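Engineer: turn this into a model:
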Amino acid sequence: MKVWTQLLLSAAVLAGSAAVAVRFVPGADQVLLNAGLPRGLISILEPAAEGEAKAATALQGVQGQSAQAGQARRGAAAVLVTTAAVATGIVNDKLEAIGDGQAIKSVTVMPAVAGALASVEIASGAKVEAGTIVARLDDASEKIAVSSAKLALAAAEEKAARYKGLQSVTRVERDDALRAVDEAKLALETAELNLQRRLITAPISGIAGIVAVNPGDNVTTQTQVVALDDRSEILVDFWVPERFASAIAVGAPIDASAIARPGKPYAGVVEAIDSRIDAASRTIRVRARIPNADDELRAGMSFTVSMKFAGETYPAVDPLSVQWDSKGSYVWRLNKDKAERVSVRIVQRNPENVLVEGALNAGEPVISEGMQRVRPGVQLTVAGAKPVGQP
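Structural biologist: Sure thing, here's the model as predicted:
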């Protein structure tokens with residue numbers, strides 16, 4: 001850069017600085033005179049400084065008016081929101097569970113004693129009554145024992161009768177004869193019991209399953225001959241969450257449907273409730289009884305069981321209404337065109353609404369859209385209200 005250019009720039013800077021000093025620093029003109037600056041030049045700088053000050057003041061005024069106008073516009077413009085009326089919802093009003101069915105009475109028939117199977121008296125699938133002979137074991141030796149016991153009893157009774165009419169028989173001999181009669185009777189009862197045990201009978205009335213043995217088989221007391229099911233009624237065991245434990249009572253109605261027979265309901269009642277809650281699953285076992293007069297149901301079927309309860313009622317709000325911050329969840333309630341914060345606790349989330357616990361009443365408007373600029377006390381304009389759960 002050339003020297004004369006540098007000099008001109010320096011002079012301009014000095015002139016500007018002098019003008020500012022003359023305008024804003026009291027007594028600056030006298031200082032410049034003492035420094036040797038001509039009075040004429042100082043008089044030229046004073047109007048320039050005054051012009052610059054007036055321009056700055058004007059600019060500040062314009063900016064202030066613009067800010068005031070912006071503030072006025074912001075204060076006058078209310079926040080546009082959409083509201084949804086608070087509805088009500090019910091929880092814990094219905095229970096559905098999966099259970100397994102069993103016959104009201106079910107017995108696996110097994111022999112009381114071991115032996116060779118002589119005959120089978122029933123067919124698979126037959127309906128039998130209690131006391132019906134299911135099968136017979138070989139009983140030849142037991143029949144002989146019964147006959148022998150009868151002869152021994154007859155001899156003992158004859159001897160006792162003879163001693164009773166004799167005067168030469170001592171009292172001790174007479175008592176021994178009577179005792180022999182009693183022992184012979186016990187021996188006969190034992191022989192008849194052993195003979196009776198060779199018959200395998202049905203302990204209950206029911207439908208026979210598949211007979212698992214054949215004549216000639218050697219069976220023991222652990223051999224399963226046949227299963228009998230009394231399926232005039234079906235018992236269904238199912239597990240219920242512990243929150244329903246106090247709501248279920250014996251005799252309460254239930255609706256059940258067999259998974260194998262969808263679409264056909266069966267009505268029943270609660271038969272029994274377990275005495276304790278399972279600590280691992282936090283559930284309690286419940287047993288229901290379903291009539292099966294048409295014999296459509298079988299033991300071992302799976303059932304869907306449903307029950308209805310009074311339930312608990314809570315306010316329901318639009319899912320978009322629920323907000324969160326460091327203090328927890330909350331909603332904005334519309335109160336005379338102003339926003340009011342209401343703290344809530346979420347009870348249950350549904351696709352169409354959220355059930356909450358809080359100081360809300362049915363029908364109150366709750367903000368569902370436009371919450372970004374909502375603050376307590378801010379003026380609001382409602383664009384439109386919509387029912388909870390509708391887009």
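Engineer: which parts of the stretch 151-300 of the chain are strands?
Structural biologist: 199-201, 206-208, 218-219, 226-241, 253-258, 265-273, 283-291 (DSSP state E, counting those that start in this stretch).
Engineer: which stretch among these comes nearest residue 86?
Structural biologist: strand 226-241 (27.8 Å; Cβ to Cβ). Any C-beta I mention is one placed from the backbone N, CA and C, and that applies to glycine too.
Engineer: output the contacting helices and strands for that closest one.
Structural biologist: strand 94-109, strand 206-208, strand 283-291, strand 302-308 (3 or more Cβ pairs under 8 Å, 6 or more residues apart in numbering; DSSP states H and E).
Engineer: how about the longest one: buried residues?
Structural biologist: Taking 16 or more other Cβ atoms under 10 Å as the basis for neighbour counts, the residues of strand 94-109 that come out buried are 95, 97, 99, 101-107, 109.
Engineer: now, which of these sits nearest residue 202?
Structural biologist: Checking the buried residues of strand 94-109 against residue 202 with Cβ to Cβ, the nearest one is residue 109 at 6.6 Å.
Engineer: tell me which residues form a beta bridge with the closest one?
Structural biologist: residue 226 (DSSP bridges).
Engineer: contact partners for residue 209?
Structural biologist: 124-125, 226-229 (Cβ atoms under 8 Å, 6 or more residues apart in numbering).
Engineer: would you list those residues in a markdown table and tack on neighbour count, pLDDT and distance to residue 178?
Structural biologist: Listed next are the contacts of residue 209 as a markdown table, based on neighbours: other Cβ atoms under 10 Å; pLDDT from 0 to 100; distance: Cβ to Cβ, whole Å:
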| residue | neighbour count | pLDDT | distance to residue 178 |
| --- | --- | --- | --- |
| 124 | 12 | 93 | 53 |
| 125 | 10 | 91 | 54 |
| 226 | 24 | 94 | 46 |
| 227 | 18 | 94 | 49 |
| 228 | 26 | 95 | 45 |
| 229 | 20 | 94 | 51 |
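Engineer: lowest-scoring secondary structure element of this structure by mean pLDDT?
Structural biologist: helix 39-76 (a mean of 46; mean pLDDT, DSSP states H and E).
Engineer: now stretch 245-254 - C-alpha only, CSV.
Structural biologist: Backbone C-alpha positions of stretch 245-254 (Å, rounded to 0.1, in the frame of the first residue of the first chain) are rendered in CSV as follows:
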residue,chain,number,x,y,z
ALA,A,245,-58.4,-63.8,43.5
SER,A,246,-60.8,-61.8,45.7
ALA,A,247,-63.4,-61.4,42.9
ILE,A,248,-63.9,-65.1,42.2
ALA,A,249,-66.3,-67.1,44.4
VAL,A,250,-67.6,-70.6,44.4
GLY,A,251,-70.8,-70.9,42.4
ALA,A,252,-69.9,-67.9,40.1
PRO,A,253,-70.9,-68.5,36.5
ILE,A,254,-68.4,-69.1,33.7
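Engineer: can you give the distance of that stretch from its chain's centre?
Structural biologist: Between the centre of stretch 245-254 and the centre of its chain there are 17 Å (Cα atoms, centre = their mean, to the nearest Å).
Engineer: mean confidence score for that stretch?
Structural biologist: Averaging pLDDT along stretch 245-254 yields 91.
Engineer: for it, buried residues please.
Structural biologist: In stretch 245-254, counting by 16+ other Cβ under 10 Å, buried: 245, 248, 252, 254.
Engineer: just send the residues you listed back as TSV, with distance to residue 309 too.
Structural biologist: Shown next, in TSV, are those (distance: Cβ to Cβ, whole Å):
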residue	distance to residue 309
245	12
248	8
252	9
254	12
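Engineer: returning to that earlier point: relative to residue 117, which of the strands of the stretch 151-300 of the chain is closest?
Structural biologist: Each of the strands of the stretch 151-300 of the chain has some distance to residue 117 by Cβ to Cβ; the shortest is strand 218-219, at 5.6 Å.
Engineer: neighbouring strands for the closest one, and are they parallel or not?
Structural biologist: When sheet partners are counted by DSSP bridges, strand 218-219 sits next to strand 115-120 (antiparallel).
Engineer: before we move on, the earlier item: I'd like the next helix or strand past the least confident helix or strand of the chain.
Structural biologist: Tracing the chain past helix 39-76, the next element assigned as helix or strand by DSSP states H and E is strand 79-85.
Engineer: for whatever helix or strand comes next after that following strand, packing partners?
Structural biologist: Moving toward the C-terminus from strand 79-85, the next helix or strand (DSSP H and E) is strand 87-91. On a contact count with 3+ Cβ pairs under 8 Å, 6+ apart, strand 87-91 meets strand 312-317, strand 338-349.
Engineer: how about the secondary structure of residue 320?
Structural biologist: Here residue 320 is helix, with the state taken from DSSP: H, G, I helix; E, B strand; the rest coil.
Engineer: if I look at it, how far off is residue 368?
Structural biologist: As judged by Cβ to Cβ, to the nearest Å, residue 320 and residue 368 stand 5 Å apart.
Engineer: quick one, which of these two is more surrounded?
Structural biologist: residue 368 (22 against 16; other Cβ atoms under 10 Å).
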